[in-house]
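Chemist: sequence? don't have it. structure:
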């Protein structure tokens, strides 16, 4: 396999001009224009990408397309803790699954050399543990699918062998000292067009119990695998692997694995969009994407400290 010469650009010349205007400097003095960003943010679907882009005030004109086809957006966000700004790269994986998430994360790490990686978007939650629209920061991520097929005197069985990763200490410290001020977060939510959904006839009581009417943020353990969770009973079975699991999704462990290899801290930010059951509403996905993006934007400005 022939490697491209060192002078082969990762971006088109037009893209290079864009990131230079946005204050993204070259990582090294060479003909290869590598943009550098302190923060990388990944999304999976368009609703998540659009919500994150609007929450961080990234214009469509800040779009850059790398030669491998990946579209990224460059921007900055002020940090009140440091009285400065963080440079941000935002991209969309474009499809569900941990393998695609790992590949995209590794590409972003190699190209942008971020100090921290975020995955933001929607996820399913366990009814009674979280509510729709609630935002969850990951304490840990559990890859629940690794297993062994075992034969013993009792017969054949599947032995679960989950892989578990915890958030880095420095990021966890930022989380426990972060104060998610509701007025501040709601201002971002309204600015990006966020709307609290209204119940359909007959759903009023269920909405009251299971859908937030103000934006809430908490920490939880997230289960990650390549199965779309549409069965609450199976969801509860997964919880037996780790008793603190409250959220399930399909990309977090791919991001975590890439960050582990790249030695980059990570954090997963998920808005709850469903319970994998009959409580559904066409607005839930966009609603959850907007609450997650609003909380992430606030955390970047008022909670994240990358000074060390």
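Modeler: That came through, no problem. Keep in mind that what you see is a predicted model, and the values were worked out from it rather than measured.
Chemist: Give me the nearest residue to residue 118, chain neighbours excluded.
Modeler: Nearest non-adjacent residue to residue 118, counting by Cβ to Cβ, 6 or more residues apart in numbering: residue 41, 4.8 Å away. Where C-beta positions appear, they are placed from N, C-alpha and C, glycine not excepted.
Chemist: I'd say that neighbour and residue 88 touch.
Modeler: Yes. Counting by Cβ atoms under 8 Å, residue 41 does reach residue 88; the two are 6.3 Å apart.
Chemist: quick revisit: kindly list the main-chain dihedrals of the residue nearest to residue 118?
Modeler: The phi/psi pair for residue 41 (degrees, to the nearest 10) reads phi -120, psi 130.
Chemist: What of the one 4 residues further on?
Modeler: Main-chain torsions, residue 45, degrees, to the nearest 10: phi -120, psi 160.
Chemist: Surely it is in contact with residue 92?
Modeler: Yes. Using Cβ under 8 Å, residue 45 is in contact with residue 92, at 7.4 Å.
Chemist: And the strand or helix carrying residue 292, what does it pack against?
Modeler: In the assignment (DSSP states H and E), residue 292 maps to helix 284-302. Packing contacts for helix 284-302, counted by 3 or more Cβ pairs under 8 Å, 6 or more residues apart in numbering; DSSP states H and E, involve helix 46-55, strand 71-79, strand 116-125, strand 135-143, helix 182-191, strand 266-274.
Chemist: what residue lies at the spatial centre of this protein?
Modeler: Centroid-nearest residue in the chain: residue 119, 1.7 Å away (criterion: Cα atoms, centre = their mean).
Chemist: can you give me the strands in this structure?
Modeler: Using DSSP state E, the strands found in the chain span residues 39-43, 63-65, 71-79, 84-92, 116-125, 135-143, 147-152, 155-160, 163-166, 217-224, 245-249, 266-274.
Chemist: what's the closest of those strands to residue 202?
Modeler: If you check each of the strands of the chain against residue 202 by Cβ to Cβ, strand 266-274 wins as the nearest, at 18.0 Å.
Chemist: in its sheet, what does the closest one sit against?
Modeler: Note on strand 266-274: by DSSP bridges, its sheet partners are strand 116-125 (parallel), strand 135-143 (antiparallel).
Chemist: Could you check the angle the first one makes with helix 284-302?
Modeler: Our comparison of strand 116-125 with helix 284-302, counting by axes from the mean of the first three to the mean of the last three Cα atoms, to 10 degrees, yields an angle of 150 degrees.
Chemist: Now strand 116-125: buried residues?
Modeler: 116, 117, 118, 119, 120, 121, 122, 123, 124, 125 (16 or more other Cβ atoms under 10 Å).
Chemist: Strand 217-224 and that strand, what's the angle between them?
Modeler: Interaxial angle of strand 116-125 relative to strand 217-224 (the same axes, to 10 degrees): 80 degrees.
Chemist: and strand 116-125, average pLDDT?
Modeler: In this model, strand 116-125 has a mean pLDDT of 97.
Chemist: and if you look at the shortest one?
Modeler: Here the mean pLDDT over strand 135-143 is 97, rounded to a whole number.
Chemist: Just list the residues touching the residue nearest to residue 106 when sequence neighbours are not counted, thanks.
Modeler: Spatially, and ignoring its direct neighbours in sequence, residue 106 is nearest to residue 258 (4.4 Å; Cβ to Cβ, 6+ apart). By Cβ atoms under 8 Å, 6 or more residues apart in numbering, the contact list for residue 258 reads 101, 102, 103, 105, 106, 109, 117.
Chemist: Thanks again, I'm all set now.
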